[in-house]
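Peer 1: structural data only, the sequence is not supplied:
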């Protein structure tokens, strides 16, 4: 049989035939799910598909010639590999491709690999169900988060907008021969449109679709609260309660602690999963049924919730799709209908915006950590934004590698897609970097490498030990210290990280938002005020909107504009405005001036001696005084944002002063495990100071900070090492 001549099937095939194909399984039984309902006859579908792969016969001829001239692979092996393109189920899937397959060998080779996995594991339904749901979504913009962008099939189907060949994304992160679980496709929708889409889905498959559950387990704090309630105590229990304040008797306390210990780790209750749905072939089975839930916050329209959680759905071999909400999409949709992938990737105004750190209001990219990364990296394109978004995650930022990466990136790594440092240790910025690094260092394929990646991510001792053993066998020249460094680096995968396709999806969104902020600031800030919940306090967005030219008004969402003045449904105009009162009542103020008595005064001086500190052994010491004049600042400002931070205790191979890209902030250097609190304060409209304070402080209860400190400059990102301060009234 010569595979080169791919033609139309001679026999007539009914629409039912495709269902028979879908029912074929090889290694496991798949529970039935709703099949794709298509009005185009199957014969026409197969004709469409064959027209999309016209280049394949020519490619196979070329590969055959290469076999004869260069040896190696045989024509039989080539034919067997590409034979999957003759399968009617695969042709049916190809017929839904919205993008043309590039006439290049690497694209057909990748598709052949994916189609083998799809056919073998009966994954076709996953893609078809996603297509059906996206048909219901219609013109509403969406983003596919997670690893689905690792698949060329999803790209060609129009499900994702990421070309995994172009971006060098590993398929193993999405599916491989080592994992038989259903691949996840998570759909992000505008947060104000998601319930509408849910309603359409539940109406389309009435009685056959259900939301899944979370199984909430008692943890240490919740088990203690439950043990208290089981005694008959039903009063409000505050967050930072003390048991002795409620039960003064020691024997009562001991009994409650014992009951709490028995409860810890046991099942507490069901909650509604954030977005997971399952579409059944028939009515939702009664054995799974839990209850009805309200699709909309208000109104009688309900849907079914089942008892299964995501792990049980996987165990039952059911297809789960996640319908999730995204405020950044709501924000960009309110500004312009332009598709996210249509924004220019080389705009100099947008580059300047990032280089100057004007990132406030950019959903997913407006934190102060992102501000510093943008200032250091000076992103040139969407890929740079994707790297920055991944760098801020705990996995990429831990172990000192963020600091080293940023130094190397700004000097000579900017244009590379793989980032390598000394001693053959890669920067593990994305999950894909870990897969590719393990594959290279152990000389195994990426599917096997992903098994080790998951082992490190889930802290599986057996997989980590197996990796170490194989590493020693493959590299007997590696010292114990080098092996320890490699293992420590991979252990960072236990922290939250981004796969590359997820980061690029969000990078496109952040870039589009930055474009609109640069070119359409009024509409940008209106959409931001209407849709966003920021890591900054409410006043920050309102003062930035005022700086952009919007006249503020007191009130609540939703906002509209009239002559660049905010209008809201419950607008409350004041004849005399009190900024402090308005701040505490509304979270912002509308006066032309910033809050009174806020300032930042810079001068040259010698810091006053700091307070006594304690060593680990309990002894006290006074840090050596600084005698040379320093750049100093006296400040008083309103808190814009803040968070506590603790150094990673597992750090083994980096110097203390390299952690997190921050210079030493105490005379003895950065202490592992020491807790510090980052605060950003506003001292005028658009003027902020980043403060570093030793110790943990209740960020949410602090409104104003007054003090002085030493001005540091980390590669153009100034911050203040606070030497004296107090929390003040506004």
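Peer 2: Structure received. Values in this document were obtained by computation on a predicted structure and should not be read as measured data. Numbering: from 1, shown residues only.

Peer 1: and the strands in the stretch 201-350 of the chain?
Peer 2: Remark: strands assigned in the stretch 201-350 of the chain by DSSP state E, counting those that start in this stretch are 209-217, 267-279, 289-294, 302-306, 320-326.

Peer 1: what kind of secondary structure is residue 476 in?
Peer 2: coil (DSSP: H, G, I helix; E, B strand; the rest coil).

Peer 1: tell me who's in contact with it.
Peer 2: Residue 476 makes contact with no residue under the criterion CB atoms under 8 Å, 6 or more residues apart in numbering. C-beta: built from backbone N, CA, C; applies to glycine.

Peer 1: could you shift the numbering so residue one becomes 326, and keep it that way?
Peer 2: I'll keep to 326 as the first residue from here, and by that count the last item is residue 801.

Peer 1: mind listing what the residue lying closest to residue 474 once chain neighbours are set aside touches?
Peer 2: Spatial nearest neighbour of residue 474, excluding adjacent residues (CB to CB, 6 or more residues apart in numbering): residue 826 at 2.7 Å. Contact analysis of residue 826 by CB under 8 Å, 6+ apart lists 469, 471-475, 485, 487, 489, 492, 494, 498-499.

Peer 1: filter those residues down to the ones in strands?
Peer 2: The members of the contacts of residue 826 that map onto strands under DSSP state E are residue 469.

Peer 1: would you format the contacts of residue 826 as TSV with neighbour count and distance to residue 506 included?
Peer 2: Shown next, in TSV, are these (neighbours: other CB atoms under 10 Å; distance: CB to CB, whole Å):
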residue	neighbour count	distance to residue 506
469	23	18
471	21	13
472	25	12
473	28	14
474	29	18
475	28	15
485	25	20
487	26	22
489	26	20
492	18	24
494	27	19
498	28	13
499	25	11
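
Peer 1: and the contacts of residue 826, which is closest to residue 386?
Peer 2: Nearest to residue 386 among the contacts of residue 826: residue 489, at 26.4 Å, using CB to CB.

Peer 1: list the contacts of residue 603.
Peer 2: Here residue 603 is in contact with 358, 534-535, 537, 631, 633, 638, 643-645 (criterion: CB under 8 Å, 6+ apart).

Peer 1: now swap in residue 970 and tell me
Peer 2: Taking CB under 8 Å, 6+ apart, we find residue 970 in contact with 985, 1000-1003.

Peer 1: so who does the residue nearest to residue 836 when sequence neighbours are not counted touch?
Peer 2: Leaving aside its sequence neighbours, residue 836 sits nearest to residue 707 (CB to CB, 6+ apart; 4.8 Å). Counting by CB under 8 Å, 6+ apart, residue 707 makes contact with 670, 829, 832-833, 836.

Peer 1: what pairs with the longest strand seen in the chain, parallel or antiparallel?
Peer 2: Secondary structure of the chain read by DSSP E shows that its longest strand is strand 955-971. For strand 955-971, the paired strands and their directions (DSSP bridges) are strand 924-930 (antiparallel), strand 1000-1009 (antiparallel), strand 1029-1039 (antiparallel).

Peer 1: buried ones in the helix or strand residue 764 falls within?
Peer 2: For residue 764, the host element (DSSP states H and E) is helix 756-767. Buried residues in helix 756-767, counted by 16 or more other CB atoms under 10 Å: 756-764, 766-767.

Peer 1: make JSON lines out of these and add pLDDT.
Peer 2: JSON lines is the format used below for those (pLDDT from 0 to 100):
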{"residue": "756", "pLDDT": "90"}
{"residue": "757", "pLDDT": "91"}
{"residue": "758", "pLDDT": "89"}
{"residue": "759", "pLDDT": "91"}
{"residue": "760", "pLDDT": "93"}
{"residue": "761", "pLDDT": "91"}
{"residue": "762", "pLDDT": "92"}
{"residue": "763", "pLDDT": "93"}
{"residue": "764", "pLDDT": "93"}
{"residue": "766", "pLDDT": "92"}
{"residue": "767", "pLDDT": "94"}
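
Peer 1: all good on my end, thank you.
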